[in-house]
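>>> okay, sequence plus prediction incoming.
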There are 2 protein chains.
Amino acid sequence: MNDSTLPRSTYAEISELAGVSKSTVSRVFNGDSRVHPDRVAAVFEAAKQIGYRPNRAARALSTGRTGLIAVVIDDDVSALGDPFWGMVTSGVSRVLMQNGLQTLLMVAPLDDDDGPVAHYLESNEVDGVIFAQVHKDTLVRKVAKSGVPVVVIGTPSDDATDIHFVDTNNVAGGYMGTNHLFKIGCKTVATITGDIGTSAGLHRLKGFELAHKENNVKLNKNLIAYGNWSFDSAKILMLRLLASNPDIDGVFAANDISAMAAIAAIEERGKRVPDDIAVVGFDDTLVSQTSRPALTTVKQDIVGLGQAAAEAMLEIISGEKPDSRILSTELIIRQSA
Amino acid sequence: MNDSTLPRSTYAEISELAGVSKSTVSRVFNGDSRVHPDRVAAVFEAAKQIGYRPNRAARALSTGRTGLIAVVIDDDVSALGDPFWGMVTSGVSRVLMQNGLQTLLMVAPLDDDDGPVAHYLESNEVDGVIFAQVHKDTLVRKVAKSGVPVVVIGTPSDDATDIHFVDTNNVAGGYMGTNHLFKIGCKTVATITGDIGTSAGLHRLKGFELAHKENNVKLNKNLIAYGNWSFDSAKILMLRLLASNPDIDGVFAANDISAMAAIAAIEERGKRVPDDIAVVGFDDTLVSQTSRPALTTVKQDIVGLGQAAAEAMLEIISGEKPDSRILSTELIIRQSA
DNA sequence: CATAAACATGAAACCGATTTCAGCAAGTGA
DNA sequence: TCACTTGCTGAAATCGGTTTCATGTTTATG
C-alpha cells in the first residue's frame, strides 16, 4: 500500500517520542495557543528528530481543503504559442507557493460545462479556481455557483457581478495606444482587434473608439478589422484594410503578434513602418523588443496579473471579499510609431 | 468542516441505495471482475442517481497515490518570456488529463536541493516528477533516489544513466542547421550557443562542430560565442563576433530568440540578412514565422516533447521501464538562410 | 473558602475511500 | 454424500490527520 522508501513519519510516532497525545501534536502544528510551551518544544524537537513530513491527503480528508488551486486556461491553439499564459501562470504559481498552496494547471476547452473538467472543479478537489482567457462564462458561473472560490483573469460579462476578477485596464490601454498614433500626426487610424468575444478584445476596441472621440476624429467602421489574436488572421485583415483604405497611416493592433502581422502585411505591400504607416501593439511581450522595427506597444504587467489573481484568491479563501483589481498600462515607445 | 453546497455523496449512500456493502461499491469502481453483473449495474445506477463524485483525498490517503504529477520548471527569467515551456507543459497536461492525472506546476529554483520544493517532491505528495530545464541535476538525483518516479526533459549528465529522459535530438538539430549554412555556400560560420550548462545548449554546439567535420571545415574557436538563450546576451555576442570576425557569412543560433538578436545586431552593423550573412535559428516558435526576414530554423516538436515525457511517466508508474526517447528535428527553410 | 470559569490535555470519533479477512453459497471431484 | 475448491460478499480495520468531548488542574470571583 504505502511502500515509500522513506521511513514513514506520523503524528503517532511524534506523539510517542514527545510523550504527548496525537491531539496535542496536531494542536502544536496548527498553532493552537493553548498548548504549554514545554510541550510545543518537545513536539517540534521530536518532529525534527524523526524528519516528520505531513501527509496532505490525510489533512485534506479531514479538513476538506486540498491546498490546490486550479488555473484553467482555454485550450485553443493561440494559447500555446503566446508566451502570455506562461507568464501569467508563473505569477500565480509564485504567490501561491509562498503561501503553501500548489498550482494545478488545466489546459482544457472551456466551452464544455458538463465535461470532466467541470466535474473536477465542482467536486471540491481544489480549494479555488482561477480562470483565464474566457470566451463564455457559463462554466465559470457554474463552478462559482457550486461554492468553489473563483477568480477570473479578464472581465466577466456585466451580469456576473458577483464573480471576482482581476484585469488589465484594457480600455485605457487601447486609448493610450490609439491616442499616441493621433499625437504623432496620424489621420486615418485602423485597428485589428483581438477576439471581441473576450473582454480584453472588446475593451481594447472601446479604448480605440474612445481615443477617436477625445481627438474629435469621426470613427470609420471600415477601419475596424475583427481578428482573433493570431498572426495569420491579423495579416489577412491588414492586407484587406490596405486594399480598401489606401490612406491608412496608423494601425493599433490589439496584441503584439497582430502588430507583427500588420507590419509584415504593410511591408509586403511596399510601404514602410513607421514612415508610411505607424503601428502600435499591445502586451510588450518579447517579440515587441526583438522585432525590427522594434514595436511601440502598450505594456501590461502580465506576471503581475497572475500575482494579483493569486492574491485575490488567497483573500477570498480567508473569508475576505476583496475588490476587483484593474492593473494599469504603460505606453512603451520604440520605433514602429 | 465540509460545508460544500453540493450534496455530499459517498460510498455509504450508494451502498444504501443499491443495497450492497461499501466494499462492493469500491470493487465496482475499481473494476474488480468478481462482482456479479447485477450488482455492478445497481451500483452504477445508484451512483448516477445521486450524482456521485469521488473524493480523491480519501482515495489518496488509503492508496498512497495522489493522482498528481509535478512539472518542475527552473525559475529564471528566460523561462518566462520563452513560449517553449508553456508549450511543453500543455503537452504534458493534455496527456496526463486523458489518463485521469493532474498536472501540478512548480516554477522554482532548481539549485536548492534542500528547500521546500525538494521536501515537497520527496514527501509522496505527488506520484511523479517531470523536470525541465535542468542545469544541475543534484535535485533530480535526490528526488529519484527517494523513490519517486522521475522523468527529465533534456539529457541528464552521463553518470545519471538510471534516470529516464526524453529529449530532442539536439546534436542532429545543430548539425542540420549548420550543415544547411554550408550547403548554401557559407564559408565562415559562427554560432551563438545556448546555455551550455544545459544538455540542449551543449548538444546543439556538438552538432555545430560535427557539421564542420563532415564538411571538412576547420573549426575556428573564435566563432563560438557562449550565450544563455536570451535576446540581450545574444545581441551583444553577435556584435562582438562581427567586430572580431568581419568575414562571417553564416550564423547558427541555438534558439530562435538568439537568432532574432543576431539579425538585429547584423542589421545594426549595416549588413543584410540573408544576402551578407545567413542566419539559422532553433525551435520554430512563433517568432520564426513572424520575424522579417522569416527565420530559417530547426524545428523541434515542443508539444510532442511534453507529451512524450508524460507518456514515459505513465509507463514508469505502471511498472514498465520505457526506453528514453529522442525526438527528431526538421529543417524549416524560410528567408533568413 | 467555596464555586465558577478558564486552561491544558487525552481518548475517541470522524473524514471517505481501500483492503484484509472471514464466511456463505454454489460447484467440483471422489 | 462428504470434503474441497471457487466465487462473491460484507464487516471491520486501516490510511494520517482534525475535532469534539470529557476530564483533571488552575486561576479568578464573591
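Thanks, I have it.
>>> after the least confident helix or strand in chain A by mean pLDDT comes which helix or strand?
Taking mean pLDDT, DSSP states H and E as the measure, the helix or strand of chain A with the lowest value is helix A:77-81, at a mean of 59. Per DSSP states H and E, helix A:77-81 leads on to helix A:83-98 as the next helix or strand towards the C-terminus.
>>> next, the angle from that following helix to helix B:83-98.
70 degrees (axes from the mean of the first three to the mean of the last three CA atoms, to 10 degrees).
>>> ok, residues contacting helix A:83-98?
Outside of helix A:83-98, the residues within contact range by CB atoms under 8 Å, 6 or more residues apart in numbering or on different chains are A:69, A:71, A:73, A:79, A:102-103, A:105, A:130, A:132-133, A:153, A:283, A:285-286, A:302-311, A:313-314, B:75, B:79-83, B:85-86, B:89, B:105-108, B:116. To be clear about C-beta, it is placed using only N, CA and C from the backbone, and glycine gets the same treatment.
>>> what subset of the residues you listed is buried?
Those of those that meet the buried threshold are A:69, A:71, A:73, A:79, A:102-103, A:105, A:130, A:132-133, A:153, A:283, A:285-286, A:302-311, A:313-314, B:75, B:79-83, B:85-86, B:89, B:105-108, by 16 or more other CB atoms under 10 Å in any protein chain shown.
>>> tell me which of those residues fall in helices.
The members of these that map onto helices under DSSP state H are A:79, A:286, A:302-311, A:313-314, B:79-81, B:83, B:85-86, B:89.
>>> contact residues of chain A facing DNA strand C?
Counting by CB under 7 Å from any atom of the strand, the residues of chain A close to DNA strand C are A:1, A:19-24, A:27, A:33-36, A:38-39, A:61-62.
>>> and the residues you listed, which is closest to B:Asp167?
A:Met1 (34.7 Å; CB to CB).
>>> quick one: distance of the helix or strand harbouring A:Ser258 to the chain centre.
Secondary structure assignment for A:Ser258, by DSSP H and E: helix A:256-268. Mean-position distance between helix A:256-268 and its chain equals 25 Å (CA atoms, centre = their mean, to the nearest Å).
>>> does that helix reach chain B?
Yes - Helix A:256-268 is in contact with chain B by CB under 8 Å from any CB of the partner chain, via A:Ile257, A:Met260, A:Ala261, A:Ile263, A:Ala264, A:Glu267.
>>> are any of those residues buried, and which?
Buried members of those, counted by 16+ other CB under 10 Å: A:Ile257, A:Met260, A:Ala261, A:Ile263, A:Ala264.
>>> three-state assignment of the nearest residue to A:Arg204 once chain neighbours are set aside?
Closest residue to A:Arg204 apart from its sequence neighbours, by CB to CB, 6 or more residues apart in numbering or on different chains: A:Gly174 at 3.8 Å. At A:Gly174 the chain is in helix, as set by DSSP: H, G, I helix; E, B strand; the rest coil.
>>> and the gap between A:Gly174 and B:Met260?
In this view, A:Gly174 and B:Met260 are 27 Å apart by CB to CB, to the nearest Å.
>>> on that earlier part again, give the rounded mean pLDDT of the helix holding A:Ser258.
Throughout helix A:256-268, pLDDT has a mean value of 94.
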